[in-house]
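**Student:** Fold the following and give me the result.
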Amino acid sequence: MKTLQQAYSSAKAQMKSQLKSADWFLISFEDWCQLWMNSGHYEQRGRMQLQYAMVRQDDTKPLTKDNAVIILNSERVRRVNLGKKFSDETKEKMRQAKLGVPKSEEHKRNMSIASRAAHERKGHTMKSDKYFT
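**Tutor:** Down below sits the predicted model:
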């Protein structure tokens with residue numbers, strides 16, 4: 001696990017790279033730490049859908065203590081895509097991607113076993129499915 005200072009430096013470098021300027025990352029290390037600790041989600045930071053990210057409330061302004069919020073990445077992606085218009089061709093590609101490739105019964109069973117094991121490692125219980133009764 002990164003130290004707080006390493007995580008802060010990494011976040012600052014990432015934003016600087018994305019925006020091609022350090023002028024948009026104006027939050028101090030102390031304020032950055034305080035926001036994460038107050039959110040209760042520091043240990044759940046990351047890029048995955050159910051992990052948390054610090055984002056700007058108003059994208060026209062720099063990241064500051066008053067313009068930062070901690071949200072789920074799924075919400076961050078929803079905000080980014082809000083109001084986007086997709087061509088019919090893009091919509092069809094997205095639909096096809098969601099359909100996925102048909103899976104054999106053996107593949108489905110293996111996915112079920114892996115999912116169950118992952119949930120159990122986290123201390124969660126799962127309802128039985130057709131592979132486990």
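**Student:** For this structure, which segments count as strands?
**Tutor:** Per DSSP state E, the chain carries strands over the ranges 52-56, 68-72.
**Student:** Describe which strands the last one pairs with in its sheet and in which direction.
**Tutor:** For strand 68-72, the pairing partners within the sheet under DSSP bridges are strand 52-56 (antiparallel).
**Student:** what residue is smack in the middle of this structure?
**Tutor:** Relative to the mean C-alpha position of the chain, the nearest C-alpha, by CA atoms, centre = their mean, is the one of Asn73, at 3.1 Å.
**Student:** confidence score at Phe86?
**Tutor:** We note a pLDDT of 86 for Phe86 in this prediction.
**Student:** I'd like the distance between the closest residue to it other than its chain neighbours and Asn81.
**Tutor:** Take Phe86 and drop its neighbours on the chain: the residue closest to it by CB to CB, 6 or more residues apart in numbering is Met94, 7.1 Å away. Any C-beta I mention is one placed from the backbone N, CA and C, and that applies to glycine too. As judged by CB to CB, to the nearest Å, Met94 and Asn81 stand 11 Å apart.
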